[in-house]
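Enquirer: Got a predicted structure here, sequence first:
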Amino acid sequence: MTEEQLEKHKIAAKKLGLIKDKVFSFIKQNINKVSEYDVNKFISSEFKKQRMITQKEYPAQIIGFGQNTSFVHYYPKASSSKIIEKDSLVLIDIWAKLNEKDAPFADITWMGYTGKDVPKEIRRTCKLVIGARDEVIKFIKKNLKDKRLPNSVEIEKTARSFFDNFNVEEFFTHGVGHSLGITQDHGTYFRFSKKSKSKLRMNIPFTIEPGLYFKNKFGVRSEINCYVTKDYKLIVTTAIQKEIIKI
């Protein structure tokens, strides 16, 4: 991508961060009142205010409360979405781009909790997910220091090996990440997976987003955006979540 496109990605990433903060504030002000679908509509209105657009075939962003966070790709519907309650886990995964020609997407996932005391199991899971994310960042930086672009399988294995050390690898049912393009297909350039033959490419934004999902219980994911410069530097373009947001 050109420097101009990378700048558009950075702007989109910053705007998503601001929208994320507004979403958590909106939820906090409407405990026991708004549904996942209501939050999705709120996000859509914020996209319009920020002059951003998202994928046409996925007008709904991924918004999950409580048990619905256990679904990797949960799109709320007006007829069946949950109402937010106290002491509930919240997952928001939002992606959009500037409404401009050749603008790339940005894509983030953050976790929140509508209560003072986050359950021990959720805190532990969040710590593991953040640990896997940071291990991937560390692995990529180590390779870049040697002027080497790691491949997809190596990056995927890094996260899986981390989770395997804590006996939770079987609950890692979501890929480590994917490239961010200007089209609706996030994986246009590369996607991290067990079988992919692709590798990182310079000046192409991508996500790092490991997660753990416990069926019918809860799920946790942390997603950041990065890109590699032509001089082998890793640039993180989004804020990095370090702990669950207290809503």
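Expert: Perfect, I can see it now.
Enquirer: in the host helix or strand of residue 13, what counts as buried?
Expert: Assessed by DSSP states H and E, residue 13 sits inside helix 3-28. Neighbour counts over helix 3-28 (16 or more other C-beta atoms under 10 Å) mark 5-6, 8-13, 15-17, 19-20, 23-24, 26-27 as buried. Yep, even glycine has a C-beta here, placed from its N, CA and C like the rest.
Enquirer: same thing with stretch 90-109?
Expert: The neighbour-count check on stretch 90-109 (16+ other C-beta under 10 Å) flags 90-98, 103-109 as buried.
Enquirer: what's the farthest-apart pair in the residues you listed?
Expert: Using C-beta to C-beta, the buried residues of stretch 90-109 span at most 28.1 Å, a distance reached by 90 and 103.
Enquirer: Tell me the residue in this structure that is farthest from the middle.
Expert: What lies farthest from the middle of the chain is residue 146; by C-alpha atoms, centre = their mean that is 27.8 Å.
Enquirer: And the pLDDT at it?
Expert: pLDDT recorded at residue 146 is 97.
Enquirer: now swap in residue 158 and tell me
Expert: Listed pLDDT for residue 158 reads 97.
Enquirer: tell me the contacts of it?
Expert: For residue 158, the contacting residues are 135, 136, 139, 176, by C-beta atoms under 8 Å, 6 or more residues apart in numbering.
Enquirer: Verify the stated contact: the first one with residue 162.
Expert: Spelled out, that is residue 135. Yes. Counting by C-beta atoms under 8 Å, residue 162 is a contact partner of residue 135 at 4.7 Å.
Enquirer: The longest strand seen in the chain packs against which elements?
Expert: The longest strand of the chain (DSSP state E) is strand 89-98. If contacts are counted by 3 or more C-beta pairs under 8 Å, 6 or more residues apart in numbering; DSSP states H and E, strand 89-98 sits against helix 3-28, helix 36-49, strand 52-53, strand 62-65, strand 106-113, strand 218-221.
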